[in-house]
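Asker: predicted model, plus sequence, below.
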Amino acid sequence: MRMIMLASAAVLAGCAVGPDFKRPTAPPTAGYTPEPLATATNPADEKNGGRQRFAVGRDIPGQWWTLFRSPSLNALIERSLRANQTLEAAQAAVQQATETRRAQQGTFFPSIQGGFTVQRNKTALGALSAVTSSGHEYYNLYTAQVTVRYSPDVFGMNRRTVGSLDATAENQRFQLEAAYLTLTSNVVAAAVKEALIRAQIEATKQIIDVVSKSVNLLHKQFELGQVAQADVLVQEALLTTAQAILPPLEKRLAQQRNLLAALTGQLPSNQPTETFDLASLQLPEELPVSLPSRLVERRPDIRAAEETWRAANAQIGVAVANRLPLFNLAALIGSSPTQIAGLLGPGNGFFTLVAGATQPIFEGFTLLRRRRAAEAAARQAEAQYRQAVITGFQNVADTLRALQSDADASRTALAAERTAQASLDIARRQLALGQVNNLVLLTAQQTSLQARLNLVQAQANRFADTAALFQAFGGGWWNRPEQQAALSGGRP
């Protein structure tokens, strides 16, 4: 009885062996780049977005993709969120982890079991006295009983186990948020990629049209003896080269459409009705930049790594508790008459009370090794968390650099495209007047084609890297209505 009282006192005191987990603090840094972040990118072309301003400390909206002001993109993402199978699998994983944790919480309470058995017996009267008071050789025995068992969580093994499962459930929740963010980012990236390919196809077709006109003109001049056949062949070769660019682009466009169908949970034969081009997207003028102290709290991958670390830390407590005494309490009460009508009658009742403790003495150092393994797993999870933080900061820094570089590249590409087009127009007029040879026109056409392709690539890069910035900062999942409701009573 004294042992039971001590165990009960330990339970009430809330003793749990093993280290308590403490949430790590944010890295002591004020920024993402060695030098202070610029307030805005340099001005770029106004057609596809000019200067973008960095709003330090501003929060990210839960539906950040709406900042591109594309109804088609909004509709596509909404359908993806409803039908994507990867997201559905992540939701099921959250539910599984949550129910597993709740199942383990049931061990905090006593277990109660009821039983009823019927026996037909024969007593060996030649060797034993009659069992029943009537002295009959044959008798029935009806037994109804209730068993109550309880294992006091004296050293916190169950609490540590529940804590580990709670961390696992939180990890799955952040894995779900990561899947949500990855899906929305992939849809935006796929839409931008489709817009880029369509722009490349359009630019290539324009060049083909221009070169075709030059070929027709050279054929007429060749018939009049004004140019050599070699000049005609050179232009035809350029035309063939430009035409050869189209099939790979059309293949990429078809594959991109298949990707969009898959992201929306559809088969390739059921592609989305929405189509995208660069003109249908608007570049956000203000880009929210979260403070470094908030990044570690908002990136799903960092939070998932933190919960993995917490789960591993709790397993140390489980391993320590396994080396300490285990206490068990049990009570059994019931009735066992020879007639079923006597179940509630006097003289047929019985009960048993049991209290016990089990202490491991020697397990071949198994329990010690398991504790050391748990400690190593916690160190591994901690290192993985630290690396996730470093990777997160790297992603943000890379994207901020890319956005500034994209604006410069877009402005330069626009100037180069305009210069190349002006040069091509001059070369075309000079050739018609016989002032230059066909080689000058050929060079101008090639330069113009490349300049146009460079321009649309630079413009698309700005959209893609803007989406990447929202992804790098965590995507604003904490600002979705359903998450705000969940977080109001839980961990941030």
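Answerer: Received, thanks. Numbers count the residues shown, from 1 in each chain.
Asker: now the helix or strand encompassing residue 446: mean pLDDT?
Answerer: Using DSSP states H and E, residue 446 sits in helix 438-472. Looking at helix 438-472 alone, the average pLDDT works out to 87.
Asker: not counting residues beside it along the chain, what's closest to the residue most central in space within the chain?
Answerer: When the chain is reduced to its mean C-alpha position, the closest residue under C-alpha atoms, centre = their mean turns out to be residue 178, at 2.1 Å. Distance criterion C-beta to C-beta, 6 or more residues apart in numbering; nearest residue to residue 178, sequence neighbours excluded, is residue 300 at 3.9 Å. Heads up, the C-betas are built off the backbone N, CA and C, glycines and all.
Asker: where's that neighbour relative to residue 180, distance?
Answerer: Computed as C-beta to C-beta, to the nearest Å, the residue 300 to residue 180 distance reads 8 Å.
Asker: still on that earlier bit, just checking, what packs against the helix holding residue 446?
Answerer: Under the contact criterion of 3 or more C-beta pairs under 8 Å, 6 or more residues apart in numbering; DSSP states H and E, helix 438-472 touches helix 157-223, helix 229-263, strand 286-289, helix 366-432.
Asker: got any ranges where the stretch 101-250 of the chain has weak pLDDT?
Answerer: For the stretch 101-250 of the chain, no stretch is flagged by pLDDT under 70.
Asker: what do you get if the cut-off is 90, keeping everything else the same?
Answerer: Along the stretch 101-250 of the chain, the model assigns pLDDT under 90 to residues 120-141, 203-243, 245.
Asker: what's whichever strand or helix holds residue 54 in contact with?
Answerer: Taking DSSP H and E as the criterion, residue 54 maps to strand 53-56. Contacts with strand 53-56, where a contact means C-beta atoms under 8 Å, 6 or more residues apart in numbering, come from 37-40, 285-289, 291, 400.
Asker: which two of the residues you listed lie the greatest distance from each other?
Answerer: 285 and 291 (20.8 Å; C-beta to C-beta).
Asker: residue at max distance from the center of this structure?
Answerer: Relative to the centre of the chain, and counting by C-alpha atoms, centre = their mean, the farthest-placed residue is residue 126 at 76.3 Å.
Asker: doesn't that residue belong to a helix?
Answerer: No - membership of residue 126 in a helix is not supported by DSSP: H, G, I helix; E, B strand; the rest coil, which gives coil.
Asker: thinking again about what came up before, buried ones among the contacts of strand 53-56?
Answerer: When burial is judged by neighbour count using 16 or more other C-beta atoms under 10 Å, the buried members of those are 40, 287-289, 400.
Asker: any chance of these in JSON lines, plus pLDDT and distance to residue 361?
Answerer: Shown next, in JSON lines, are the buried ones among the contacts of strand 53-56 (pLDDT from 0 to 100; distance: C-beta to C-beta, whole Å):
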{"residue": "40", "pLDDT": "85", "distance to residue 361": "71"}
{"residue": "287", "pLDDT": "93", "distance to residue 361": "64"}
{"residue": "288", "pLDDT": "92", "distance to residue 361": "60"}
{"residue": "289", "pLDDT": "93", "distance to residue 361": "60"}
{"residue": "400", "pLDDT": "94", "distance to residue 361": "60"}
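Asker: which single one of those is nearest to residue 170?
Answerer: Checking the buried ones among the contacts of strand 53-56 against residue 170 by C-beta to C-beta gives residue 288 as the nearest, at 25.3 Å.
Asker: how much space between the spatially closest residue to residue 77 that is not a sequence neighbour and residue 74?
Answerer: Distances taken as C-beta to C-beta, 6+ apart put residue 187 closest to residue 77, at 5.1 Å, once the chain neighbours are dropped. As judged by C-beta to C-beta, residue 187 and residue 74 stand 10 Å apart.
Asker: and residue 378, by the same measure?
Answerer: Separation of residue 378 from residue 74 (C-beta to C-beta): 43 Å.
Asker: next, count neighbours for residue 390.
Answerer: Here the number of neighbours of residue 390 (other C-beta atoms under 10 Å) works out to 12.
Asker: same check, this time on residue 469
Answerer: As a measure of burial, residue 469 has 23 neighbours, counting by other C-beta under 10 Å.
Asker: OK, contacts around the residue lying closest to it once chain neighbours are set aside?
Answerer: Nearest residue to residue 469, sequence neighbours excluded (C-beta to C-beta, 6+ apart): residue 399, at 4.5 Å. Applying C-beta under 8 Å, 6+ apart to residue 399 gives the contacts 465, 468-469, 472.
Asker: now the helix or strand following the strand holding residue 54: mean pLDDT?
Answerer: Toward the C-terminal end, the helix or strand that comes next after strand 53-56 (DSSP H and E) is helix 71-83. Averaging pLDDT along helix 71-83 gives 94.
Asker: list the buried ones in helix 71-83?
Answerer: Of the residues in helix 71-83, those with enough neighbours to count as buried (16+ other C-beta under 10 Å) are 73, 76-77, 79-80.
Asker: off-centre distance for it?
Answerer: Centre-to-centre, helix 71-83 and its host chain are 18 Å apart (C-alpha atoms, centre = their mean, to the nearest Å).
Asker: C-alpha coordinates for that helix, PDB please?
Answerer: Taking Å, rounded to 0.1, in the frame of the first residue of the first chain, the C-alpha atoms of helix 71-83 are listed here in PDB:
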ATOM      1  CA  PRO A  71      -9.100  35.400 -62.500                       C
ATOM      2  CA  SER A  72      -8.000  32.300 -64.500                       C
ATOM      3  CA  LEU A  73      -5.100  31.700 -62.200                       C
ATOM      4  CA  ASN A  74      -7.400  32.100 -59.100                       C
ATOM      5  CA  ALA A  75      -9.900  29.600 -60.500                       C
ATOM      6  CA  LEU A  76      -7.300  27.100 -61.400                       C
ATOM      7  CA  ILE A  77      -5.700  27.200 -57.900                       C
ATOM      8  CA  GLU A  78      -9.100  26.800 -56.300                       C
ATOM      9  CA  ARG A  79      -9.800  23.700 -58.300                       C
ATOM     10  CA  SER A  80      -6.400  22.300 -57.500                       C
ATOM     11  CA  LEU A  81      -6.900  22.700 -53.800                       C
ATOM     12  CA  ARG A  82     -10.200  20.800 -54.100                       C
ATOM     13  CA  ALA A  83      -9.000  17.900 -56.200                       C
END
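Asker: can you give me the angle that helix makes with helix 229-263?
Answerer: Angle of helix 71-83 versus helix 229-263, following axes from the mean of the first three to the mean of the last three C-alpha atoms, to 10 degrees, is 40 degrees.
Asker: correct me, but the residue nearest to residue 77 touches residue 81?
Answerer: No - counting by C-beta atoms under 8 Å, residue 187 stays clear of residue 81, with 9.1 Å between them.
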